[in-house]
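Undergrad: Coordinates for the following, if possible.
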Amino acid sequence: MTDYSDQIQRIQTKLITAQKTDTKLQVFGADSHKYKIKKPVTEATVLKFEQQFTIQLPECYRTFITEVGNSGVGYANAAPGPYYGIYPFGENVDELIEEKPEKYLKNNCLIYPKITDNDWYALTKNIDENDSISDIDYEIELGKIFGGILPIGSQGCTYIHGLVLNGQHKGRIINLDANRQKPYFSFEDNFLDWYERWLDEVISGELIANSHYSFGFYKGGSEEVLWNAYLSSADTEEKKDCLQGLLQKNRLQDQTLMQIENHITSNPEQKTAFVQLICKSDYEKAKPHLETLVTTDQLSVFQFIFWYAKDKSEEWLNVITATIDTIQDEETFRFCTYILTATNNDYGNLIVPFTKNENVAIRIQAYYTLGQLKNKKDFLSTFTVGLYDSSNHVIRTTLQALSGVKDDSLLEHFQNLVQRFPKEQDSILVNLNHRLTEYNHPKQLVMQNNTVSLTVPAKKKWYVFWKKDQS
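TA: Numbering: from 1, shown residues only. Take a look at the predicted model:
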């Protein structure tokens, strides 16, 4: 049996310190639980629960609820803890498996750290791909997926943190989605380490300054600890985890940035990750590396600028102008347009060629981006082509992009749309109506029972459309 007495004392002290540190309750969920925890549960209460569910609680969690405290004033009476806190002991046990959770809590946990996509698919396919599955079989499948896991707190929506009760990873925390997105283990070895790390990041101010940081999904520790762990590890995955942990910091110290910069040349396989770390903390220091990287990885460079240095977008206008015609994938084009939009320049001529791209997603993004221009009326001929595109989604986006543009030359093309789409498809008629109502013409078409009527509408109508006078 592990002796947790020293760690328990630290946690008790740090709970008080955390409350004094986060006085404005800025850490995510703190305004709910307020760092207030109630009295611990008794050994008799724990034994009764273990007997009811035929399990033996991990000693780390058991020690917390019997020595630190249990429940509080937070959401669902939760005690202070990551996100919305720690559920009162013995409550919400059916959050993952609604029917008879006592049958499944004693199962071995089949989820393992960094579970592969293939293994997760194999574990969930019987429930996700069988629309005719019975209620009984549905619960059995949930028991396989989430068996051996005790829900201990909410992260919001369908996301929770669960405690592994059995098997090799007993005592560890898993970040779960009740809707069965792939789960992620926290990096700590047990519940108490995970909980104490949360307190440390509250006290250090890390979680106060970065309240939206996804605690528990990334490797923790100071930047010095993470960087040294990166340097000393020979494992590729562990190195990646260390760099991702560093990326969650608000700003790295200059000394750390210098060390990272010195490793770019000798570690070309990590160049993109290194440049991202530098860019997030110091754009000017990263700029020469971005200029080199853009020749081989446009997407990453555009992402880093948009995420961390959007106010510097105009500095990249010449680079984009010189290289935009080499873009072939929709994601790179999307982030390129984000930067162009942030420049507040007339970038229309750079975008027009992409309205003819064979990739539908690129055409959609092109028309959307043209629609952000202040002088978009100068591109009416291009928008007109978009109204006749082979993709309904492109047509819809073109209509949306034309918001605020009133030009009579468009009316015959709008009328053509009415004739081509007598019934609603992909919200084309809804968006057409928005455009037509901007003209305030007296003649109208009305949408009834999902079909366009050529009669003048009655008072009760669904969608109203302008109609050219055909008399």
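Undergrad: low pLDDT regions in the stretch 251-400 of the chain?
TA: Judged by pLDDT under 70, the stretch 251-400 of the chain has no weakly predicted residues.
Undergrad: in the stretch 351-471 of the chain, which spans are helices?
TA: Counting by DSSP state H, counting those that start in this stretch, residue ranges of the helices within the stretch 351-471 of the chain are 360-370, 380-386, 392-401, 411-420, 428-437.
Undergrad: Show me the residue at the heart of this structure, geometrically.
TA: The C-alpha lying nearest the average C-alpha coordinate of the chain belongs to residue 214 (C-alpha atoms, centre = their mean; 9.5 Å).
Undergrad: quick one on the thing from earlier: quick one: the helices of the stretch 351-471 of the chain as TSV, columns for distance to residue 157 and mean neighbour count too.
TA: Quick note: C-beta positions are derived from backbone N, CA and C, even for glycine. Shown next, in TSV, are the helices of the stretch 351-471 of the chain (distance: least, C-beta to C-beta, whole Å; neighbours: other C-beta atoms under 10 Å):
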stretch	distance to residue 157	mean neighbour count
helix 360-370	27	23
helix 380-386	36	18
helix 392-401	28	22
helix 411-420	38	15
helix 428-437	28	20
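Undergrad: can you list the ones you listed in a markdown table and add distance to residue 138?
TA: Conversion of the helices of the stretch 351-471 of the chain to a markdown table gives the following (distance: least, C-beta to C-beta, whole Å):
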| stretch | distance to residue 138 |
| --- | --- |
| helix 360-370 | 35 |
| helix 380-386 | 45 |
| helix 392-401 | 34 |
| helix 411-420 | 44 |
| helix 428-437 | 37 |
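Undergrad: and of those helices, who's closest to residue 326?
TA: Comparing the helices of the stretch 351-471 of the chain against residue 326 with C-beta to C-beta, the closest turns out to be helix 360-370 (13.3 Å).
Undergrad: Tell me how many other residues crowd the nearest residue to residue 139 once chain neighbours are set aside.
TA: Leaving aside its sequence neighbours, residue 139 sits nearest to residue 99 (C-beta to C-beta, 6 or more residues apart in numbering; 4.6 Å). Taking other C-beta atoms under 10 Å as the criterion, the count of residues near residue 99 is 14.
Undergrad: what's the helix or strand for residue 99?
TA: Under DSSP states H and E, no helix or strand contains residue 99.
Undergrad: go on, residue 17?
TA: Using DSSP H and E, residue 17 maps to helix 5-21.
Undergrad: now the strands for the stretch 51-200 of the chain?
TA: Counting by DSSP state E, counting those that start in this stretch, one finds strands in the stretch 51-200 of the chain at the ranges 149-156, 159-164, 173-177, 184-185.
Undergrad: Let me have the ones you listed in TSV, extended by distance to residue 402.
TA: Formatted as TSV, the entries for the strands of the stretch 51-200 of the chain read as follows, by distance: least, C-beta to C-beta, whole Å:
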stretch	distance to residue 402
strand 149-156	38
strand 159-164	39
strand 173-177	39
strand 184-185	43
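Undergrad: Now those strands in a markdown table, please, with extra columns for mean pLDDT.
TA: Conversion of these to a markdown table gives the following (pLDDT from 0 to 100):
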| stretch | mean pLDDT |
| --- | --- |
| strand 149-156 | 94 |
| strand 159-164 | 96 |
| strand 173-177 | 96 |
| strand 184-185 | 95 |
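Undergrad: Now distance to residue 107 and mean neighbour count too, for the ones you listed, in TSV please.
TA: Compiled in TSV, the strands of the stretch 51-200 of the chain are given as follows (distance: least, C-beta to C-beta, whole Å; neighbours: other C-beta under 10 Å):
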stretch	distance to residue 107	mean neighbour count
strand 149-156	9	23
strand 159-164	11	22
strand 173-177	14	22
strand 184-185	17	18
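Undergrad: if we compare these, which one ends up closest to residue 45?
TA: When these are compared by C-beta to C-beta, strand 149-156 sits nearest residue 45, at 14.9 Å.
Undergrad: which helices and strands sit right next to that closest one?
TA: Under the contact criterion of 3 or more C-beta pairs under 8 Å, 6 or more residues apart in numbering; DSSP states H and E, the helices and strands touching strand 149-156 comprise strand 159-164, strand 173-177.
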